[in-house]
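Chemist: Requesting a structural model of the entry that follows:
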Amino acid sequence: MDDQNKNLILATALSFLVILGWFLLFPPEQQAPTDPDIVATQSDMQSPPQGGDIAATPPAALPNGSSPAAPASTPTADAPRVEIDTPRLTGSISLLGGRIDELALKDYRETLDPESDLVQLLSPVGSATPYYALYGWAPAGTLGYDDVPGANTLWTLESGAELTTETPISLTWDNGKGLIFHRTVRVDDNYLFTIEQSVENTTGETVRLAPYGIVARHGEPEASRFFILHEGVVRQTDDQLEEIKYKKMPDMDYVEREAAFAKVEQVEQNGWVGFTDKYWMTTLIPDPGQPFTSVAKYVQGADIFQVESRLPAVNVAPGETTSTETMLFTGAKEWETIRHYQHDLGIYRFIDSIDWGWFFFFTKPIFALLHWLNGAMSWIGIPGSMGWSIIALTLIIKAVLLPLAYKSYSSMAKMKELQPKMEEIKEKVGDDKQKLQQEMMALYQKEKVNPAAGCLPILVQIPIFFSLYKVIFVTIELRHAPWIGWIKDLSAPDPSSILNLFGLLPYAPPDPGSIFAILSLGILPILLGISMWLQQKLNPTPTDPTQAMVFAWLPWIFMFMLGGFASGLVLYWIANNTITFIQQYAIMRSHGYSPNVLGNIKTSFKRIKPQPDKK
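Modeler: Modelled structure (predicted):
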């Protein structure tokens, strides 16, 4: 082995040791536990912050200035509750504040175990991870916080014993000073709540106040913390979609009137604001066309993340009643469900609440096609339809790219035919590199061959690969989707392991967090390595020892690199390699060049002897 090969192997080994040492010495930072019972803002003490006016109202309209009352710090476990029971949701609403603060998703469980807990999306104050939606009215003019319902208001159930898709509930509260507040909550058969708030003025004076909605989250939630995934605030403000990660919220400007780090945006017509996780989302949605103020803020002392939708203040004359209606989405980010809300309810660009990434122009149509294929196969009754849909999607992509692949492989076949002439040119010009380049270019032009054409399929495959990876990683339709046999979740790595002979030995594979997990290859990653290795054998082994060694190791390096990726992505790559092998073999045969696959395989097992140095 020459010095160059030794250096290459040494550099690879050292790089691996550096990465391993980094993770051992500097593990990911653990988040400190937070106290869920501390107050969110100063306004919870019933004293409004000073300065500015609420929502989109002009400053002169609210001379005293006010903002929504913050969530209460009082635990709500002992407060009266109204049950929520729909085909897809179960939970309850606390009459303390009228908050929607207990919600689980009937269709989703924490693990593959059918007896595992339902996914708990919202939780009340007093639980380990408080996360809830709260509605109310902010006072303006001569009103104070005692005159309007807020976080600590105890509502009375006016009608409806249980919130279902057929039976809404109505709450009421009388401030004892001539203002009577009503709230009606409805829910559809998926994840959309409709909240109607009204105020009846029985006083002798005009009153001024503004409705609002809040989603509050105590402490930063456990997240994937993967750079390609957005988790945190997501909001639409007219024509702009904005994403703010949890870790970036403390970097927002400090706003005195909010007593928090905040980013406030005025929305003229269409918008929504909420928190998004990998698969779940809770979003405040004013009626389409409704102007409002969109607020994202972080209260550092309490470690509370909060989003708000503040509607313009209204004047309510004596004897009049004013009402407003908004929506709340809280559930799974299902493509079909969210698309329905966008198209049928007019929620502007709601489908973009799913994190499609930079290659959205690829990810959106790729997922739409994958979803259609899965639906068609499910309708036919094919088990493991999502896995077969990925294979079918690969076939369709390869068919679309076939003209490009044909041109590329045709060029490669012609290059093989020109190999003898290229060798003659090299012997003719000797060490004159400039002359060699000129002669080669003349040969390519004469034979009408483009040596760069072989790179085109690879260049096109790169964004498609990343787009499909994004689709498999972020869309809930792949979560816990089975395929065949041991593959029970296409969004997770292959659970089988070569270390226990794929389950034949009575030993558990290394834990995913172990440094030995990289050696615990499953069946799919091994098939991936073999498919890449076979694809290489369409061409002879390079005569240069260094190139030969790099090519020989490349499939197995990729096998280890992709071993921890989602099974759905590895399945796509195996299908892609297999189809590419067939395409390339057939196209090169059609041009008179027959790849000697078996011969190339035999040659690869022979040791390539280094060429002696020329004296």
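
Chemist: Every contact and neighbour count from this point should use C-alpha atoms.
Modeler: Will do.

Chemist: mind checking how far stretch 122-129 is from the chain centre?
Modeler: Stretch 122-129 sits 24 Å away from the centroid of its parent chain (Cα atoms, centre = their mean, to the nearest Å).

Chemist: For Leu229, give its distance to Phe473.
Modeler: Computed with Cα to Cα, to the nearest Å, the distance linking Leu229 and Phe473 is 8 Å.

Chemist: Comparing those two, which shows the higher neighbour count?
Modeler: The neighbour comparison of Leu229 against Phe473 (other Cα atoms under 10 Å) goes to Phe473, with 23 against 18.

Chemist: that's a strand at Pro482, yeah?
Modeler: No: assigned with DSSP: H, G, I helix; E, B strand; the rest coil, Pro482 falls outside any strand and is coil.

Chemist: For the closest residue to Phe367 other than its chain neighbours, identify the helix or strand it belongs to.
Modeler: Nearest residue to Phe367 in three dimensions, chain neighbours excluded: Val471, at 6.4 Å (Cα to Cα, 6 or more residues apart in numbering). Using DSSP states H and E, Val471 sits within helix 456-474.

Chemist: which helices and strands does the helix or strand that that helix is followed by pack with?
Modeler: Where DSSP H and E defines the elements, the next helix or strand beyond helix 456-474 is helix 523-536. If contacts are counted by 3 or more Cα pairs under 8 Å, 6 or more residues apart in numbering; DSSP states H and E, helix 523-536 sits against helix 545-561, helix 567-590.

Chemist: what's whichever helix or strand Tyr409 is part of packed up against?
Modeler: Using DSSP H and E, Tyr409 sits within helix 402-417. With contacts taken as 3+ Cα pairs under 8 Å, 6+ apart, helix 402-417 sits against helix 456-474, helix 567-590.

Chemist: export the helix or strand following that helix as CSV, just CAs?
Modeler: From helix 402-417 onward toward the C-terminus, using DSSP H and E, the following helix or strand is helix 419-429. Output in CSV follows, covering the C-alpha atoms of helix 419-429 (Å, rounded to 0.1, in the frame of the first residue of the first chain):
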residue,chain,number,x,y,z
GLN,A,419,-11.7,3.9,-25.0
PRO,A,420,-9.2,2.4,-27.5
LYS,A,421,-9.0,5.7,-29.4
MET,A,422,-8.5,7.6,-26.2
GLU,A,423,-5.6,5.3,-25.2
GLU,A,424,-4.0,5.9,-28.6
ILE,A,425,-4.2,9.7,-28.1
LYS,A,426,-2.5,9.3,-24.6
GLU,A,427,0.3,7.3,-26.1
LYS,A,428,0.7,9.8,-29.0
VAL,A,429,0.9,13.0,-27.0
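
Chemist: got the contact list for the next helix or strand after helix 419-429?
Modeler: Next along the chain after helix 419-429, taking DSSP H and E as the criterion, comes helix 433-447. Contact with helix 433-447 is made by Met422, Ile425, Lys426, Val429, Gly430, Asn450, Pro451, as judged by Cα atoms under 8 Å, 6 or more residues apart in numbering.

Chemist: Tell me how far the first one lies from Gln438.
Modeler: Which is Met422. 12 Å.

Chemist: Of these two, which one has the most company?
Modeler: Counted by other Cα under 10 Å, Met422 and Gln438 do not tie: Met422 has more neighbours, with 18 against 10.

Chemist: and the residue nearest the centre of the chain, what does it touch?
Modeler: Residue closest to the mean C-alpha point of the chain, counted by Cα atoms, centre = their mean, is Val474 at 3.6 Å. Applying Cα under 8 Å, 6+ apart to Val474 gives the contacts Leu229, Lys278, Tyr279, Ile354, Asp355.

Chemist: tell me which of the residues you listed is nearest to Leu157?
Modeler: Comparing the contacts of Val474 against Leu157 with Cα to Cα places Tyr279 closest, at 33.0 Å.

Chemist: That closest one: how many residues sit nearby?
Modeler: When neighbours are counted by other Cα under 10 Å, Tyr279 registers 18.

Chemist: That one contacts Thr330, doesn't it?
Modeler: No: using Cα atoms under 8 Å, Tyr279 is not in contact with Thr330; the gap is 11.2 Å.

Chemist: And Lys435, how close does it get to Tyr572?
Modeler: For Lys435, the distance to Tyr572 (Cα to Cα) stands at 45 Å.

Chemist: neighbour-wise, which of the two wins?
Modeler: Tyr572 (24 against 15).

Chemist: Test my guess that the residue nearest to Phe367 contacts Thr363.
Modeler: Yes: using Cα under 8 Å, Val471 is in contact with Thr363, at 6.3 Å.

Chemist: Between these two, point out the one with more neighbours.
Modeler: It is Val471, of Val471 and Thr363, that has more neighbours when counted by other Cα under 10 Å, with 27 against 24.

Chemist: Off-centre distance for the helix or strand where Leu122 lies?
Modeler: Using DSSP H and E, Leu122 sits within strand 118-122. In terms of Cα atoms, centre = their mean, the centre of strand 118-122 is set 18 Å apart from its chain centre.

Chemist: Just checking: what are the partner strands of that strand?
Modeler: strand 99-109 (antiparallel) (DSSP bridges).

Chemist: Okay, buried residues for the partner strand please.
Modeler: By neighbour count on 16 or more other Cα atoms under 10 Å, the buried set for strand 99-109 is Arg99, Ile100, Asp101, Glu102, Leu103, Ala104, Leu105, Lys106, Tyr108, Arg109.

Chemist: Contacts for that strand, please.
Modeler: Applying Cα under 8 Å, 6+ apart, the contact partners of strand 99-109 are 87-94, 116-124, 130-135, 151, 331-332.

Chemist: separation between Pro80 and Leu121?
Modeler: Remark: distance between Pro80 and Leu121 (Cα to Cα) = 20 Å.

Chemist: Look at those two and report which has more neighbours.
Modeler: Neighbours per residue, other Cα under 10 Å: of Pro80 and Leu121, the larger number sits with Leu121, 21 against 16.

Chemist: Contact partners for that one?
Modeler: By Cα under 8 Å, 6+ apart, the contact set of Leu121 is Glu102, Leu103, Ala104, Leu105, Tyr131, Trp280, Thr330, Gly331.

Chemist: before we move on, what about Gly274?
Modeler: So Gly274 contacts Val215, Val233, Val234, Arg235, Met281, Thr282, Thr283, Leu284, Val307 (Cα under 8 Å, 6+ apart).

Chemist: Filter the contacts of strand 99-109 down to the buried ones.
Modeler: 89-94, 118-124, 130-135, 151, 331-332.

Chemist: Now that Gly522 has come up, it's in contact with Phe502, right?
Modeler: Yes: between Gly522 and Phe502 there is a contact at 7.3 Å, judged by Cα under 8 Å.
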